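1. Sequence first, then the predicted structure, then my questions.
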Amino acid sequence: MIKKYYLLSPGPTPIPDEVLAVASEAIIHHRTPEFSKILMEVIEGIKYVFQTKQDIYVLTSSGTGAMEAAVVNLLNPGDKVITINGGKFGERWGQICRAYGVNVHEIKLEWGEPFTKEQLEEELNKNPDTKAVFSTLSETSSGSVYDIKGFGEVISKTDAVLVVDGISGIGATPCPMDEWKVDVMVAGSQKSFMIPPGLAYIAFSEKAWKLVEKSTLPKFYFDAKKYRKSLGKDTTPFTPAVSLIIQQKKALDMIKSITLEGLFEHHRILGEATRAGVKAIGLELLSKIPGNIVTAVKVPDGIDGIQLVKKMQGKYMAYIAGGQEPYKGKIFRIAHLGYMGGFDIITALSALEMTLSELGYKFEMGASLEAAQKILKEKWQ
């Protein structure tokens, strides 16, 4: 039997054929007017997705590189920061900060639990010397989305800056950088931006730039001042990933044709269909604040969660994601991010039903598909 590969993970995400195709074109030199034109068009496109007037800096790295760039460009050794840890990627903020000798006040949340702006305000009142608050828009490990708008309202009244990991969330769920008073936003290319891994994006507010000017943490490759100086000449300080930037230009053209509002609505529909599907067969969500990027689902009692993911991947070629520690084997995650459509959700749910049935879970076959189809049919444009 011919088996097709279905990529249903929260990153990397599927790539449109026309975006893949431009990577096969002859490469161009990065110190040329031709490339500079493409680079600046990409930067303008990312500003559109970030919803900001601030400059965007394109880094050749994964999203974690942009996270590290945020830390090393804002802070000094011993500075106090607050990190909101509701999963593996919130945890990463603290790990990066500690690696550079930053004093971290970590707020540890149960995965999938909300954290309110009132709670954050209380923490800031207790820690008035906080220089920065590090948060996550979409916590991929738990399928949660946090109240960045509320965080911005609170932090903007203080001297601290708000730094947001928007790596999986930007482009899939609303988070207008300027309007919501986000001071530093980071993102990655392999999520809603619909190209392969390898590029990261970062933007600084005017408030954040004041900290950048005073920062003494060590940096070289991720020195924001170098990127700002080079951007004044329509280029980058170091050799960029030329082909990826050309692919990003093509993908951004597609995003603009869909419109940002259309993209948010698309992700909302897919998220709603996925949640309805898994609930229809008696499964529970992990998160109390689920987002439209990835759905984290609790493995039912009596089922081996690791075997579930392995069987879906190995037998049915449906590449969902498993849980990360401490939820390994306890949850699985179905993404609906980037270049995915309604029938990708149907495929994911069909493979899930077949897998669960083989593993001995009792439910009404087809119920998840019926629930998802109902939503997709009603919302299909």
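-> Nice, I can see it.

2. all strands for this protein, in order.
-> Assigned by DSSP state E, the chain shows strands spanning 6-7, 56-60, 80-85, 103-108, 130-136, 138-139, 144-145, 161-165, 184-188, 199-204, 294-298, 318-319, 321-322, 331-335.

3. And the residue nearest to the spatial centre of the chain, how far from Gln313?
-> Residue closest to the average C-alpha location in the chain (C-alpha atoms, centre = their mean): Ser168, at 1.0 Å. For Ser168, the distance to Gln313 equals 20 Å [C-beta to C-beta, to the nearest Å]. Yep, even glycine has a C-beta here, placed from its N, CA and C like the rest.

4. on that earlier part again, let's have the strands of the chain in JSON lines, adding mean pLDDT.
-> As requested, the strands of the chain are exported to JSON lines (pLDDT from 0 to 100):
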{"stretch": "strand 6-7", "mean pLDDT": "96"}
{"stretch": "strand 56-60", "mean pLDDT": "98"}
{"stretch": "strand 80-85", "mean pLDDT": "98"}
{"stretch": "strand 103-108", "mean pLDDT": "98"}
{"stretch": "strand 130-136", "mean pLDDT": "98"}
{"stretch": "strand 138-139", "mean pLDDT": "98"}
{"stretch": "strand 144-145", "mean pLDDT": "98"}
{"stretch": "strand 161-165", "mean pLDDT": "98"}
{"stretch": "strand 184-188", "mean pLDDT": "98"}
{"stretch": "strand 199-204", "mean pLDDT": "98"}
{"stretch": "strand 294-298", "mean pLDDT": "98"}
{"stretch": "strand 318-319", "mean pLDDT": "97"}
{"stretch": "strand 321-322", "mean pLDDT": "97"}
{"stretch": "strand 331-335", "mean pLDDT": "98"}
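
5. out of these, which comes closest to Pro174?
-> Minimum separation from Pro174 across these (C-beta to C-beta) falls at strand 144-145, 9.7 Å.

6. Who are the contact partners of the residue nearest to the centre of the chain?
-> 10-11, 137-138, 140, 188, 191-192, 293-294, 337 (C-beta atoms under 8 Å, 6 or more residues apart in numbering).

7. Drop anything exposed from those.
-> 10-11, 137-138, 140, 188, 191-192, 293-294, 337 (16 or more other C-beta atoms under 10 Å).

8. that older thread, want to try a markdown table for the strands of the chain, with distance to Arg228 as columns?
-> Below are these laid out as a markdown table (distance: least, C-beta to C-beta, whole Å):
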| stretch | distance to Arg228 |
| --- | --- |
| strand 6-7 | 36 |
| strand 56-60 | 7 |
| strand 80-85 | 23 |
| strand 103-108 | 27 |
| strand 130-136 | 19 |
| strand 138-139 | 27 |
| strand 144-145 | 31 |
| strand 161-165 | 17 |
| strand 184-188 | 14 |
| strand 199-204 | 9 |
| strand 294-298 | 33 |
| strand 318-319 | 39 |
| strand 321-322 | 36 |
| strand 331-335 | 34 |
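
9. Which among these is found nearest to Glu378?
-> strand 294-298 (18.9 Å).

10. what's the angle between that closest one and strand 331-335?
-> Between the axes of strand 294-298 and strand 331-335, defined by axes from the mean of the first three to the mean of the last three C-alpha atoms, to 10 degrees, the angle is 160 degrees.

11. Show the low-confidence segments of the stretch 251-381 of the chain, by residue range.
-> 381 (pLDDT under 70).

12. Break down it into its helices, ranges please.
-> Listed in chain order, the helices found in the stretch 251-381 of the chain under DSSP state H, counting those that start in this stretch are 260-280, 305-314, 342-358, 367-379.

13. Export the ones you listed to TSV and append columns for mean neighbour count and distance to Glu179.
-> Formatted as TSV, the helices of the stretch 251-381 of the chain follow (neighbours: other C-beta atoms under 10 Å; distance: least, C-beta to C-beta, whole Å):
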stretch	mean neighbour count	distance to Glu179
helix 260-280	20	13
helix 305-314	18	38
helix 342-358	20	30
helix 367-379	18	26
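
14. Reformat these into TSV and put distance to Glu25 next to each item.
-> Below are the helices of the stretch 251-381 of the chain laid out as TSV (distance: least, C-beta to C-beta, whole Å):
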stretch	distance to Glu25
helix 260-280	26
helix 305-314	32
helix 342-358	28
helix 367-379	35
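
15. What are the buried residues along stretch 213-221?
-> In stretch 213-221, counting by 16+ other C-beta under 10 Å, buried: 215, 217, 219.

16. Can you lay out those as a markdown table showing pLDDT and distance to Met40?
-> Shown next, in a markdown table, are the buried residues of stretch 213-221 (pLDDT from 0 to 100; distance: C-beta to C-beta, whole Å):
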| residue | pLDDT | distance to Met40 |
| --- | --- | --- |
| Ser215 | 98 | 27 |
| Leu217 | 98 | 29 |
| Lys219 | 98 | 24 |
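
17. what's the closest of the strands of the chain to Val309?
-> strand 321-322 (4.1 Å).

18. The contacts of Ser168 into TSV, with extra columns for distance to Ile258?
-> Formatted as TSV, these follow (distance: C-beta to C-beta, whole Å):
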residue	distance to Ile258
Pro10	20
Gly11	19
Leu137	20
Ser138	19
Thr140	22
Gly188	19
Lys191	15
Ser192	11
Ile293	17
Val294	20
Leu337	14
